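Participant: Test case, fold it:
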Amino acid sequence: GIPLGILAAALPRLRQLVLGLTGMLQTVPSLALLALLIPLLGTIGTAPALVALVVYALLPIVRNTCTGLLQVRKGLKLAAQALGLRPMQRLLHIDLPLALPVILAGVKTAAVLSVGTATIAAFIGAGGYGERITIGLALNDNDMLLAGAIPSAMLALLTQGLFELLER
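Facilitator: From the prediction side, this is the model:
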């Protein structure tokens with residue numbers, strides 16, 4: 001996602017295509033995406049679940065990376081150029097460090113969304129807390145449902161908390 005965001009920020013002609021494509025992928029319902037990935041990958045379980053999670057994580061990471069890089073002030077870019085920095089050096093030493101808080105916010109959003117979305121992967125045999133939720137729903141067993149839902153929610157909150165520590 002970060003390389004795609006860098007590409008989108010660097011090439012204005014490609015920006016709309018990259019952001020539009022990642023936005024379109026986000027609109028595909030998660031169960032439909034999982035169902036489409038099974039024949040494409042030829043398997044059920046963890047592989048299609050991981051691919052689906054990566055697809056859903058792209059939009060916030062790409063969008064925030066692009067936005068963060070575009071918000072770097074033109075004066076700083078000109079100063080870097082005046083100091084003789086090459087475009088790659090400017091990207092690594094000026095642009096990315098200044099855009100890092102915005103990029104991390106996108107990665108945090110993607111991570112928290114991925115934790116929540118991962119429970120749906122139980123429908124294709126990927127296991128996890130979603131399996132308990134699915135069984136709880138099928139058997140009308142609230143205890144089993146909560147045994148999957150509560151740890152999943154706690155994991156999402158823990159993920160968010162860890163990213164907030166990292167941001168500091």
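
Participant: excluding its backbone neighbours, what's nearest the most centrally placed residue in the chain?
Facilitator: When C-alpha atoms, centre = their mean is applied to the chain, the residue found nearest the centroid is Ala57 (2.2 Å). Closest residue in space to Ala57, ignoring its immediate chain neighbours: Ala110 at 3.8 Å, by C-beta to C-beta, 6 or more residues apart in numbering. C-beta coordinates here come from the backbone N, C-alpha and C atoms, glycine included.

Participant: rewinding a little: and the residue nearest to the centre of the chain, helix, strand or coil?
Facilitator: Put simply, Ala57 is helix when judged by DSSP: H, G, I helix; E, B strand; the rest coil.

Participant: doesn't Gly1 make contact with it?
Facilitator: Yes: counting by C-beta atoms under 8 Å, Ala57 touches Gly1, with 6.5 Å between them.

Participant: Pull up the overlap in contacts between the two.
Facilitator: Counting by C-beta atoms under 8 Å, 6 or more residues apart in numbering, the residues touching both Ala57 and Gly1 are Ala110.

Participant: gap between the host helix or strand of the residue nearest to Ala57 and the chain center?
Facilitator: Ala110 belongs to helix 96-117 when assigned by DSSP states H and E. For helix 96-117, the separation from the chain centroid amounts to 7 Å (computed by C-alpha atoms, centre = their mean, to the nearest Å).

Participant: Spit out the contact partners of the residue nearest to Ala57.
Facilitator: Ala110 sits next to 1, 56-61 when contact means C-beta under 8 Å, 6+ apart.

Participant: how near is it to Leu11?
Facilitator: 22 Å (C-beta to C-beta, to the nearest Å).

Participant: Arg168 now?
Facilitator: Distance, Arg168 to Leu11, by C-beta to C-beta: 33 Å.
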